[in-house]
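> I need the structure of the sequence given here:
(one chain, ligands or ions: 2)
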Amino acid sequence: MASILIVEDEAKMRRLLELNLGEEGFTTHAAADAETGLKLLSQEKIDLVVTDFKLPGMNGLEFLQAIKRVDAALPVVIMTAYGSVESAVEAMKVGASDYVLKPFSLAEMVLVIRKELDACKLRDENRSLREALGQRYEYANVVAQGEKMQAVLALVERVAPTNSTVLLGGESGVGKDLIARAIHEHSHRASGPFIKINSTAIPENLLESELFGYEKGAFSGATTSKPGKFELADKGTLFLDEIGDVPPAIQVKLLRVLQERQFERLGGTKTLKVDVRLIAATNRDLRAALEEGTFREDLYYRLNVVAIDIPPLREHKEDIPALAGFFLERFARESGKPVRGITPAAMRLLMDFHWPGNVRELENILERGVTLSSGPMLEASDIHLDTRAANHQAGSAPVIPEGMTLDKWEQEIIREALRRANGNKSQAARALGLSRNALRYRLSQMGVDDAAEKEP
Ligand SMILES: Nc1ncnc2c1ncn2[C@@H]1O[C@H](COP(=O)(O)OP(=O)(O)OP(=O)(O)O)[C@@H](O)[C@H]1O
Ligand SMILES: [Mg+2]
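Numbers count the residues shown, from 1 in each chain. Ligands and ions are numbered 1, 2, ... in the order given. Have a look, this model is predicted:
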C-alpha cells in the first residue's frame, strides 16, 4: 500500500484529499506547511508527495528542491491554480513528476497519482533487471573496465542522488578526488558548488577559520569578515580530504555541524545553518586511528554512513590498458603530438609494474612517455618506470620496497622477528627493542592471536 504525503495550507482542501485518498486505499500523512512536510518526509516512509505550489514560508520551487535533496527519486505531484501553468512547467523542470490544475476532480488526482506510482515501480524493476543483467556504468573521465572499479561505480550510482555522507578510502593516487567529484556531479547538487578542503595543507590554527569562517576582529589580522568553506558549499558538496589528519579540537566542531547542520563563524554570535552534503576521504586506516584514540569514534560513525573503498591499481591491473589509452589520448591531444598507440612491449612494462603511486603515477609515466616519443607509437624505451619508487635520492637503496606501506613493512619485520625467535614473544620483543606490551598491542592489531605464543 503506497503512502502519500499531502502538503496543503488550505485546511478544507487538505482534509478532503486525506479522506478521499484514504478511501482509495492509500496511507496518508498531511502537513499545512513546507517545514512540517519536510519533517514528515524524514520521519515516515513516503512513496509520493502531493503539494500545493503556493505555501506559507517557502515557495513551491524551493520546497520541491528541498524534497529532491532528501530523495531525488521521490515522485512529486504539484497542485497549482489555473492561470499559473508557467510555474507548473518550471516545477517540472526542477523535477516535479506531474501537475494538476485547481480546481480538479478527485478522479483526476487519483489517476495522476496511480500513473506516477506505476512509473516508479517500473523504474525500480528496471534497475533490478539491469543489475541482474550485469549493468555497466559509464562515467565521463572515469576509466572502470574491470569488476572492481565497476563495483565502485555501482556504489557511486546508488549513493550519489541521496544526501548520505560518504567516506572514501584508498591509497594515495587511486582516484578519491575523482570519485568525490563524480558523486557531486551525479547528485541533485550538481549545479551547486563543489568545495574541497585538505586538512594537511592548512596549519591547525587556520583550519578552523577556513572551515567555519570568521568575523572581523575575531583574531589579530582579521580586518574583514570571511565566510568559511561550509558556507561556500551551501546547496552543494563539501569534500574534506585527509580527514584522518584533522586535529581533535576541530573534530569536535565537525561533529556538531554533522549533527545539527549549524555552526558559528569564529568570533561570531549568529548561528548559521547550511545545507551541505559531506564527502570525506582518507588514505590512512581510520579504524587504526580509532584504536589509537587519535580519531573520535562518534565522528567516525557520523562520517562512515556509506564507505567506498577504492582499490590500489595493482589490484585492478585489468584497467591498465584502458587507463593508459585514456591518458595517451589526452596527452597526445594536449601536446599536439601524433602518438596513436602503445606497442605490446611497452604495454607489458606497464602491466608488470607494481604501481606504488597508483593511477596518478601511471598518468605521470604516460605524460613523460608522450613527451619523449618520436613516432606514432609509444615504445618500451619511452616508458620510464620509477623502479625505486620509495626513494627520492638517486643512487641509494629504497627506504622500503615498492608497493609497501610503512604499516605493512612494520608487520613484515615483526613477523620475521617472531620467526627468528621461534614464536617466543619476549625474545622477539627484545630483538625489536619493544616492551612485551607494545609488541602484544601490535600483534593484536595484526590479528595474530595469543595462543600461538611459546613461553620459555
Ligand atoms: N579510474 C580512473 N580513471 C581515470 N583517471 C583516473 C582514475 N583514477 C584516478 N585517475 C586520475 O589519477 C589522478 C589521481 O587521482 P586522484 O587525485 O583522484 O587520487 P587521490 O586518491 O585523491 O590521491 P591522494 O590520496 O594523493 O589525494 C587524477 O589525475 C585522476 O584524474
Ligand atoms: Mg586526493
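
> hang on, residue 240 is in a strand, isn't it?
Yes: counting by DSSP: H, G, I helix; E, B strand; the rest coil, residue 240 falls inside a strand.

> Against ligand 1, how distant is it?
12 Å (CB to the nearest ligand atom, to the nearest Å). Every C-beta, even on glycine, is put in place using the N, C-alpha and C of the backbone.

> can you pull the contacts of that residue?
197, 199, 246, 254, 278, 279, 280, 281 (CB atoms under 8 Å, 6 or more residues apart in numbering).

> what does the average pLDDT come to for the host helix or strand of residue 359?
Using DSSP states H and E, residue 359 maps to helix 358-372. Mean pLDDT, helix 358-372: 96.

> swap in stretch 201-208?
Per-residue scores along stretch 201-208 average to 87.

> Tell me what the closest residue to residue 26 other than its chain neighbours is bridged to.
Residue nearest to residue 26 in three dimensions, not counting chain neighbours: residue 4, with 4.9 Å by CB to CB, 6 or more residues apart in numbering. When bridges are called by DSSP bridges, residue 4 pairs up with residue 28, residue 48.

> surely residue 4 meets residue 113?
Yes: here residue 4 reaches residue 113: they are 6.9 Å apart, a contact under CB atoms under 8 Å.

> Now for the two: what residues contact both?
Contacts common to residue 4 and residue 113, judged by CB under 8 Å, 6+ apart, are 21, 26, 48, 50.

> Sort out which of those residues are in helices and list them.
Members of the shared contacts of residue 4 and residue 113 lying in helices (criterion: DSSP state H): residue 21.

> Top of the shared contacts of residue 4 and residue 113 by number of neighbours, please.
Most neighbours among the shared contacts of residue 4 and residue 113, by other CB atoms under 10 Å: residue 50, with 24 neighbours.

> need the contact list for that one.
Residue 50 touches 4, 5, 6, 7, 8, 17, 21, 76, 77, 79, 109, 113, counting by CB under 8 Å, 6+ apart.

> one more time with 10 Å, if that's ok
4-8, 17, 21, 26, 28, 30, 75-79, 100, 109, 112-113, 116 (CB atoms under 10 Å, 6 or more residues apart in numbering).

> now residue 246, nearest residue through space, not along the chain?
residue 199 (4.7 Å).

> Would you mind listing what in the stretch 351-456 of the chain touches ligand 1?
The stretch 351-456 of the chain comes close to ligand 1 at residues 359, 360, 363, as judged by CB under 6 Å from any ligand atom.

> swap in the chain?
142-144, 149, 170, 172-178, 283, 323, 326, 359-360, 363.

> Now a PyMOL select for only the buried ones of the residues you listed.
Buried subset of the residues of the chain next to ligand 1, written as a PyMOL selection, criterion 16 or more other CB atoms under 10 Å:
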select buried, resi 142+143+144+149+170+173+174+175+176+177+283+323+326+359+363
